[in-house]
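Novice: following is a predicted model, sequence given first.
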Protein chains: 2
Amino acid sequence: MNVNKRVRRTPDEAKHLILKTAASRLSEFGLEGLNISGVSKAAGMSHATVIHHFGSTAAMRQALLQQMTEALLSDVVLALNKDVPPDQVLNGLFKTLSQDGHGRLLSWLALDHNLEVASGEGNTAGLFKNIIDAITDAGGDRTDAKFQVLLVATAAMGLSICGGPLSSLIGLSDEESAAFPRWLAEHLETLK
Amino acid sequence: MNVNKRVRRTPDEAKHLILKTAASRLSEFGLEGLNISGVSKAAGMSHATVIHHFGSTAAMRQALLQQMTEALLSDVVLALNKDVPPDQVLNGLFKTLSQDGHGRLLSWLALDHNLEVASGEGNTAGLFKNIIDAITDAGGDRTDAKFQVLLVATAAMGLSICGGPLSSLIGLSDEESAAFPRWLAEHLETLK
DNA sequence: ATCCTTATCAACATGAATGTCAATAAGAGA
DNA sequence: TCTCTTATTGACATTCATGTTGATAAGGAT
C-alpha cells in the first residue's frame, strides 16, 4: 500500500503551482471555477494549504488576475517597444490583445464589478498615449487615431471572446479566419 | 402595526417580476448575482417562491438568458427587416449589438461554458447570411463582406463590454465617444 | 543527530445557498 | 357562502465553500 508521503514545496513553488492550476480552471470553467475548494482539489492539495499561501479566495483571485494583467501589459509593451514601424503599431496591438486570452481577461475584469482592477497605476493611459502619438506622428488627425485604436482594441477583444462561434456563424473557413488580422491591417492603412 | 398581507400574483406576473429583478441584478453584480437567494430577496419574496416558479437556479438563469437572447435576435431582425438600405446594414448591426447590454449578454454566454446556449436553432446563421447577401448585392467580394461583418460584430461586442473604460484610457471625450459609431459607418464605406 | 521553522493536512465550526415539505391564505368559480 | 386550486411562506435538511486550529512532518541549519 501507499504511504502518503507529504510533499513539501517552497512557498514560490506552491504559489506557482496554485496559480497555474487556477489559470487552467479559469479558462475552463470561468470565474465560478476560481474558488479555493476547486483549485485545491485540482492541484492535489488540501484547501487549507491554499488558504495558508494566499489568505483567502479573494486574495487568490486577485493574485491570479494581477499576474495575468502584468503579462498582458508586458506583452503590449513588448509589441510596441522593439522599434515597430508606425504603420504596424495597430497591427501589433490587435495581435497582442487577441492572443493568449488577453481579451478574455479584460472581459472578466470588465464584466465582474466586484473585481478590483489591478490596473498598472495609470501607466496604461501613458501606453495608449504612446500608441496614439506614434500614429499621429506618421501623419493624421488625432481623433481619427483615437478612433482607430478604439476600433482595434474592441475588435480584438470581441474576437478573443467569441471569435470562433462568430466565424462559424458568418461562414468563414479556417483559412479565412486566419487571414482576418492581415485584412484588417491592410484596410487600416486606407482609413488614414 | 402592519399585518403582513400576503401578495398573490398570477404565475405570469410572478415570473415577469422575478426575471426583471434577475436582469437588474445580472447587470449590477454579474453572473454571480444570478442566484435564487439574492434575486428573491431583491424581489421581496421568499426563495421558495422562486423555486416554485422556475424549479431551480439553473432553470431561472436559463429562462432569463433565453429571454435576453430572444430580445437580441428580435432587435437584430428588426434592424434589418425594415427595408434598410444595404449601405446601412452594417451600421444597424453595430448599433444593435452595442445597445442594451446585448454585447454583454453574448460575452456571458461565450465566457461561461456551463451556460447552455439557447441559440435560435440555426436561424441565426441564416440571419448572417442575409446580412452578407445584402452587402454583396451592393457589389463587392464575398470574403470582404464576411470580414466586414466580423469586424463590426466583434467591435460592437468589445465596445459594449468595456467601451467606457477604454474610451477614457484612450482619452476620448464623451462627444468623441458618441461620434465613434458614425465614424465607423463612414469609414466602412471606404472599405468596399 | 538535534533543533527549528513552516508547509501541509485532518478535523471542526460557521455561514450561505439550495431544495423539500407541509401549512396558510388569496382569489376564482360554483 | 362554500369549495377548490395554488401561489406563498416558514421551517427543516442537505450540501458546499470558507476559514480556523492544532497536530504532523519535511527539510534546512547548527
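Specialist: Great, that's in hand. Numbering: from 1, shown residues only, chains lettered A, B, ... in the order given.

Novice: need the contact list for A:Leu78.
Specialist: A:Thr96 (Cβ atoms under 8 Å, 6 or more residues apart in numbering or on different chains). The way it works is simple: take the backbone N, C-alpha and C, and place the C-beta from them, glycine included.

Novice: could you check which helix or strand contains it?
Specialist: Secondary structure assignment for A:Leu78, by DSSP states H and E: helix A:57-81.

Novice: for chain A, what helix or strand is lowest in average pLDDT?
Specialist: helix A:123-137 (a mean of 81; mean pLDDT, DSSP states H and E).

Novice: touching chain B at all, the next helix or strand after it?
Specialist: Using DSSP H and E, the helix or strand that follows helix A:123-137 in sequence is helix A:142-170. Yes. With Cβ under 8 Å from any Cβ of the partner chain as the criterion, chain B is reached by helix A:142-170 at A:143-144, A:146-147, A:149-151, A:153-159, A:161-163, A:165-167, A:169-170.

Novice: in the least confident helix or strand of chain A, which residues are buried?
Specialist: A:Thr124, A:Leu127, A:Phe128, A:Ile131, A:Ile132, A:Ala134, A:Ile135, A:Thr136 (16 or more other Cβ atoms under 10 Å in any protein chain shown).

Novice: in CSV: those, plus distance to B:Lys5.
Specialist: As requested, these are exported to CSV (distance: Cβ to Cβ, whole Å):
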residue, distance to B:Lys5
A:Thr124, 54
A:Leu127, 59
A:Phe128, 57
A:Ile131, 61
A:Ile132, 61
A:Ala134, 67
A:Ile135, 65
A:Thr136, 66
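
Novice: low-confidence stretches in chain A?
Specialist: Confidence mapping of chain A against pLDDT under 70 gives the ranges A:1-4, A:82, A:86, A:113-123, A:191-192.

Novice: quick check: residues of it near DNA strand C?
Specialist: Applying Cβ under 7 Å from any atom of the strand, one finds that chain A approaches DNA strand C through A:4, A:6-11, A:14, A:44-46, A:48-49, A:52-53.

Novice: which of those are buried?
Specialist: The buried subset of those - by 16+ other Cβ under 10 Å - is A:Ala14, A:Met45, A:Thr49, A:His53.

Novice: check the offset of the least confident helix or strand of chain A from the chain's centre.
Specialist: Remark: helix A:123-137 is offset 19 Å from the chain centroid, using Cα atoms, centre = their mean, to the nearest Å.

Novice: if we can go back for a sec, can you name the next helix or strand after the helix holding A:Leu78?
Specialist: helix A:89-97.

Novice: which non-adjacent residue is nearest the spatially most central residue of chain A?
Specialist: Of all residues in chain A, the one closest to the mean position by Cα atoms, centre = their mean is A:His102, 1.8 Å from it. Spatial nearest neighbour of A:His102, excluding adjacent residues (Cβ to Cβ, 6 or more residues apart in numbering or on different chains): A:Leu72 at 4.7 Å.

Novice: wait, isn't that neighbour in contact with A:Gly103?
Specialist: No. Using Cβ atoms under 8 Å, A:Leu72 makes no contact with A:Gly103, being 9.3 Å away.

Novice: more crowded one of the two?
Specialist: When A:Leu72 and A:Gly103 are compared for neighbours, A:Gly103 comes out ahead with 29 against 22, by other Cβ atoms under 10 Å in any protein chain shown.

Novice: for the more buried one, give me its contacts.
Specialist: A:Leu97, A:Ala156, A:Met157, A:Gly158, A:Leu159, A:Ser160, A:Ile161, B:Gly158.
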